[in-house]
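Chemist: heads up, no residue letters with this:
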């Protein structure tokens, strides 16, 4: 086993059981059971996906909407357990998937940093010592004791980004290149993301920005309807994706 | 180094209890959040949570004491008996609903970061238990007014609280899965919970029941919890050794059963929340 392999995904499938009806109710289930009608179908969000990412590598995942990109990221973030196959992740994961999970508008900025950081698996003591540094980076030092509902959405985004990135993970999961705050903050957040990517962790990046893929990724993976269509250098995979799009 | 391997099978119950214990930092913060959010900007703070049980007790007391002119058969005073029942049922109902909702409506957190949902159920129940502890203050006041006092057995109430926390967490895990699986389960469960509530001797003494009804009422674990609570706090009931055993055993069965059931079902329902 290679020591620097951070992520290994072997033949992972995600199967959802979907009901044929719009909603699933006890009543409908009872009727279907009595009339022996099959009321559900299996939907494969991912089919036999395999990949591996080592330390220092950046893998970009591209594909159309609904191809399974976000599902794959959620499987890697442990949020969704795979239906089949095996996922191994070695080390700490920083999921920059949808930032600000668990933010509560009634709590102050400082309380939200503490809550969010702890939700991300960091210890309370560690988080307490980082609150001011995080707020400084987000430019929100003065608003720390103000409830979050008084923040603008840009300020909330900045706080979430600053908290989520205040760490040195072994694996960084990024869903879409992040754009929060004003132009200045966007540039700083982009710089910080790039800095994290270069710090030697493994990165998996999901994006529609093919320019960013070519600029940032070592390798790319093209998903279509839950299946891996192509892997390889960003250039070759993008070419394949383009030729499929214009077919 | 932390290693996540999806192929490693987690032992149900044991791994879940371990996960809750290892998330105690998060648990503490979630409980603090629940309490802060509820009371922060209210003038009377935490006492706000007691308005509901006190008001409920007031209405029930008026109905039974003044309208129906009913008296406790053994001559004990009705008010502490009633208030202790209302407080315990509030603890149970509030904890159960909040715990199940925190998972069923938890998509904002549970589908974005990796957290064991059981931790959310535990934090909601513990918050409710803390509210209950505040309720012991007005209960003590009522006991003193009616010429009684909590008694030397009062600290034993902590044991009852501990087991009611386990019981509530276990039940909420069943409920959360039902909520997520079936859209119409909520109203059905509400009816079942109402039945359970009437099957608990909150505002009637056990001694007025006939033998058949009594058997059913005594099967209800909440009756055991309430009997123990009334016995240790204010001496308004008499719990036997059997009542204690039944209370603890039913709590453990529901807790372990709920954890096991949840472990099996969660991977199948997580995509639906």
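Modeler: The structure has been received and is ready for your questions. Being a predicted model, the structure only gives us computed values, none of them experimental. Residues are numbered from 1 along each chain as shown, chains lettered A, B, ... in the order given.

Chemist: nearest the geometric middle of chain A, what residue?
Modeler: Taking C-alpha atoms, centre = their mean, the centroid of chain A lies closest to residue A:97, which sits 3.1 Å from it.

Chemist: actually chain B, sorry about that
Modeler: Geometric middle of chain B (C-alpha atoms, centre = their mean) lands on residue B:92, at 2.2 Å.

Chemist: what about the closest residue to it other than its chain neighbours, how many neighbours?
Modeler: Nearest residue to residue B:92 in three dimensions, chain neighbours excluded: residue B:168, at 6.0 Å (C-beta to C-beta, 6 or more residues apart in numbering or on different chains). No exception for glycine: its C-beta is placed from N, CA and C like everyone else's. Residue B:168 sits with 31 neighbouring residues when counted by other C-beta atoms under 10 Å in any protein chain shown.

Chemist: excluding its backbone neighbours, what's nearest residue B:140?
Modeler: Excluding the flanking residues, the one nearest residue B:140 by C-beta to C-beta, 6+ apart is residue B:150, at 5.6 Å.

Chemist: buried set for the helix or strand of chain A with the lowest mean pLDDT?
Modeler: Here the helix or strand of chain A ranked lowest by mean pLDDT, DSSP states H and E is helix A:26-34, holding a mean of 81. Across helix A:26-34, burial judged by 16 or more other C-beta atoms under 10 Å in any protein chain shown covers A:28-29, A:32.

Chemist: quick check, that helix touching chain B?
Modeler: Yes: Helix A:26-34 comes into contact with chain B (C-beta under 8 Å from any C-beta of the partner chain), by way of A:26-27, A:29.

Chemist: okay, now residue B:158: neighbour count?
Modeler: Neighbour tally, residue B:158, other C-beta under 10 Å: 12.

Chemist: helix, strand, or coil at it?
Modeler: Following DSSP: H, G, I helix; E, B strand; the rest coil, residue B:158 is assigned to helix.

Chemist: what sits against the residue nearest to the centre of chain A?
Modeler: Going by C-beta atoms under 8 Å, 6 or more residues apart in numbering or on different chains, residue A:97 touches A:70, A:73-74, A:77, A:173, A:175, B:112.

Chemist: likewise residue B:229?
Modeler: B:84, B:88, B:157, B:160, B:237.

Chemist: just the residues you listed now: which is nearest residue A:50?
Modeler: residue B:160 (53.0 Å; C-beta to C-beta).

Chemist: show me what contacts that closest one?
Modeler: With contact set as C-beta under 8 Å, 6+ apart, residue B:160 has these partners: B:225, B:228-229, B:232, B:247.

Chemist: those into a markdown table, with extra columns for pLDDT and secondary structure?
Modeler: Conversion of the contacts of residue B:160 to a markdown table gives the following (pLDDT from 0 to 100; DSSP: H, G, I helix; E, B strand; the rest coil):
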| residue | pLDDT | secondary structure |
| --- | --- | --- |
| B:225 | 97 | helix |
| B:228 | 96 | helix |
| B:229 | 97 | helix |
| B:232 | 94 | helix |
| B:247 | 98 | helix |
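
Chemist: now, of the residues you listed, which are buried?
Modeler: Of the members of the contacts of residue B:160, the ones counted as buried by neighbours, 16+ other C-beta under 10 Å, are B:225, B:228-229, B:232, B:247.

Chemist: low-confidence stretches in chain B?
Modeler: Under the criterion pLDDT under 70, the flagged ranges of chain B are B:41-45.

Chemist: and it, which of its residues are near chain A?
Modeler: Residues of chain B lying near chain A (C-beta under 8 Å from any C-beta): B:1-7, B:25-26, B:28-30, B:33, B:36-37, B:40-41, B:108-115, B:181-185, B:188, B:267-268, B:270-271.

Chemist: SS state for residue A:203?
Modeler: Going by three-state DSSP: residue A:203 is strand.

Chemist: list the contacts for the closest residue to it other than its chain neighbours?
Modeler: In this structure, residue A:203 finds its nearest non-sequential neighbour in residue A:58, 4.1 Å apart by C-beta to C-beta, 6+ apart. Contacts for residue A:58 were tallied using C-beta under 8 Å, 6+ apart; they are A:197, A:202-205, A:216-219.

Chemist: residue A:235 versus residue A:58, what's the distance?
Modeler: 14 Å (C-beta to C-beta, to the nearest Å).

Chemist: ditto for residue A:207
Modeler: 16 Å.

Chemist: reformat the residues of helix A:26-34 next to chain B as TSV; add distance to residue B:96.
Modeler: Formatted as TSV, the residues of helix A:26-34 next to chain B follow (distance: C-beta to C-beta, whole Å):
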residue	distance to residue B:96
A:26	19
A:27	24
A:29	24
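
Chemist: chain B: which of the residues you listed is nearest?
Modeler: residue A:26 (4.5 Å; C-beta to the nearest C-beta).

Chemist: now do the contacts for that closest one.
Modeler: B:182, B:184-185, B:188.

Chemist: could you find the closest non-adjacent residue to it?
Modeler: residue B:182 (4.5 Å).

Chemist: now do the contacts for that neighbour.
Modeler: Taking C-beta under 8 Å, 6+ apart, we find residue B:182 in contact with A:24-26, A:29.

Chemist: all set now, cheers.
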